[in-house]
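Undergrad: take a look and give me a structure for this.
(one chain, ligands or ions: 2)
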Amino acid sequence: MIDLHDIRYVRLGTRDLDGAVRYAHDILGLAEGGRSGNAKNGQTVYLRSDTRDHTLVYHDGDPRDHTVGFDLREGVALDAAAAELERLGHPVHRGSDAECAQRRVDAFIQFRDPSGNRIELLAPTPQAGRPFAPTRPVANTGFSHVGLRSTDPVRDEAFWTGVLSAKVSDRIGAAPLLRIDAVHHKIALFPSAFAGVQHINHQVASIDDIMQSWYFLQERGVRTVFGPGRHPTSGAMFLYFEGPDGMVYEYSSGVSQITDPAHRPRQFPFEPASFCMWGARPDIPEFRR
Ligand SMILES: CC(C)C(=O)/C=C/C(C(=O)O)=C(/O)C(=O)O
Ligand SMILES: [Fe+2]
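TA: Numbers count the residues shown, from 1 in each chain. Ligands and ions are numbered 1, 2, ... in the order given. Next comes the predicted model:
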């Protein structure tokens, strides 16, 4: 079992780096935390959502190119994790010096989950907490979770809980909401015909930030695709909206924590009442019945 600590970053390719960075800054309220590369070979922009070095990366490249990077729990050796994955038949790529520099990490390994989602495991790298101030008036308290596409959620749940250390908090139909710490979920696996990141969540402080964001997005012509609403599963109030290259972003507030070691996942039917207890209906393909 490979013990995960937290998600460190999501990396997304884009053909419109300036547009994606502008969106991250002006709409999401993220702060630019530096750039690397050059116009000839491709640029990478690091974006900050909290006191961490960065949590979102946009780079020149194919918009279908998505990667999620996880910190390993302290004491878990990268080599041991690589050996375990290879023993189980998952090919592993060890990051070159140039690739490490691009990710601002000391060392990492890369592999794919059974659906083909590209995952990176990072050697624990101490990060100095740097002050973070949102770049627009929203109390963005930080990046929190991803929805991943899964071509077979039952198979992928077995991988994420059996090979990696995720635990099932709840299921909606076949879609598991998985935790790797006390937070209700950091990963959700949603049925899809192909792999990739399906949505990216940032936490905001309160319902005021959700509702103010709803009006803010409408005024700027950003399409809301679900909400405002409240998830019966995690209890979080939410707003999902469209980002660059069709990515869905989510703000949520009030996600529950699971600290009871005897917690048993609840099974919710895959229907709108399980998605929102206020009656909002999603306009998101993966959440349609
Ligand atoms: C609309 C989906 C199926 C849903 O209900 C997701 C639930 C939650 C939650 O309980 O907080 C999410 O945040 C999510 O993974 O989007
Ligand atoms: Fe979510």
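
Undergrad: helices of the stretch 101-250 of the chain, start to end?
TA: Counting by DSSP state H, counting those that start in this stretch, one finds helices in the stretch 101-250 of the chain at the ranges 153-162, 207-219.

Undergrad: out of those helices, flag the one nearest ligand 2.
TA: When the helices of the stretch 101-250 of the chain are compared by C-beta to the ion, helix 207-219 sits nearest ligand 2, at 13.0 Å. (C-beta placed from N, C-alpha, C; glycine too.)

Undergrad: wait, does the closest one contact ligand 1?
TA: No - judged by C-beta under 6 Å from any ligand atom, helix 207-219 makes no contact with ligand 1; its nearest approach is 12.6 Å.

Undergrad: next: stretch 267-286.
TA: Yes - applying C-beta under 6 Å from any ligand atom, one finds stretch 267-286 touching ligand 1 at 275, 282.

Undergrad: what about that stretch, start to end distance?
TA: 18 Å (C-alpha to C-alpha, to the nearest Å).

Undergrad: need the pLDDT of the closest residue in space to residue 195 that isn't next to it in sequence.
TA: Spatially, and ignoring its direct neighbours in sequence, residue 195 is nearest to residue 116 (3.7 Å; C-beta to C-beta, 6 or more residues apart in numbering). The model reports residue 116 with a pLDDT of 98.

Undergrad: next: residue 289.
TA: Per-residue pLDDT puts residue 289 at 63.

Undergrad: which intervals of the chain have sub-threshold pLDDT?
TA: 289 (pLDDT under 70).

Undergrad: need the residues of it near ligand 2, please.
TA: 201, 250 (C-beta under 5 Å from the ion).

Undergrad: now residue 115: how far from ligand 2?
TA: The spacing between residue 115 and ligand 2, counted by C-beta to the ion, to the nearest Å, is 18 Å.

Undergrad: neighbours of that residue, how many?
TA: 19 (other C-beta atoms under 10 Å).

Undergrad: before we move on, back to that, so who does the residue nearest to residue 195 touch?
TA: Neighbour list for residue 116: 151, 194, 195 [criterion: C-beta atoms under 8 Å, 6 or more residues apart in numbering].

Undergrad: the closest residue in space to residue 129 that isn't next to it in sequence in helix, strand or coil?
TA: Nearest non-adjacent residue to residue 129, counting by C-beta to C-beta, 6+ apart: residue 51, 3.9 Å away. Going by DSSP: H, G, I helix; E, B strand; the rest coil, the secondary structure assigned to residue 51 is coil.

Undergrad: neighbours of residue 51, how many?
TA: 12.

Undergrad: got the helices of the stretch 101-250 of the chain as JSON lines, with mean neighbour count columns?
TA: Shown next, in JSON lines, are those (neighbours: other C-beta atoms under 10 Å):
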{"stretch": "helix 153-162", "mean neighbour count": "17"}
{"stretch": "helix 207-219", "mean neighbour count": "16"}
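
Undergrad: got JSON lines for those, with distance to residue 131 too?
TA: Listed next are the helices of the stretch 101-250 of the chain as JSON lines, based on distance: least, C-beta to C-beta, whole Å:
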{"stretch": "helix 153-162", "distance to residue 131": "34"}
{"stretch": "helix 207-219", "distance to residue 131": "19"}
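
Undergrad: out of those, nearest to residue 141?
TA: helix 207-219 (8.8 Å; C-beta to C-beta).

Undergrad: pull the CA atoms of that closest one into CSV?
TA: What follows is helix 207-219 as a C-alpha-only set of coordinates in CSV (Å, rounded to 0.1, in the frame of the first residue of the first chain):
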residue,chain,number,x,y,z
ILE,A,207,-21.8,30.7,1.7
ASP,A,208,-21.2,34.5,1.1
ASP,A,209,-18.3,33.6,-1.1
ILE,A,210,-20.4,31.1,-3.0
MET,A,211,-23.2,33.5,-3.7
GLN,A,212,-21.0,36.5,-4.3
SER,A,213,-19.1,34.4,-6.8
TRP,A,214,-22.3,33.3,-8.5
TYR,A,215,-23.1,37.0,-9.3
PHE,A,216,-19.5,37.8,-10.1
LEU,A,217,-19.3,35.0,-12.7
GLN,A,218,-22.7,35.9,-14.2
GLU,A,219,-21.6,39.5,-14.7
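
Undergrad: off-centre distance for that helix?
TA: Chain-centre distance of helix 207-219: 21 Å, with C-alpha atoms, centre = their mean, to the nearest Å.

Undergrad: going forward, begin numbering at 19 instead of 1
TA: From this message on, residue numbering opens at 19, which makes the last subject helix 225-237.
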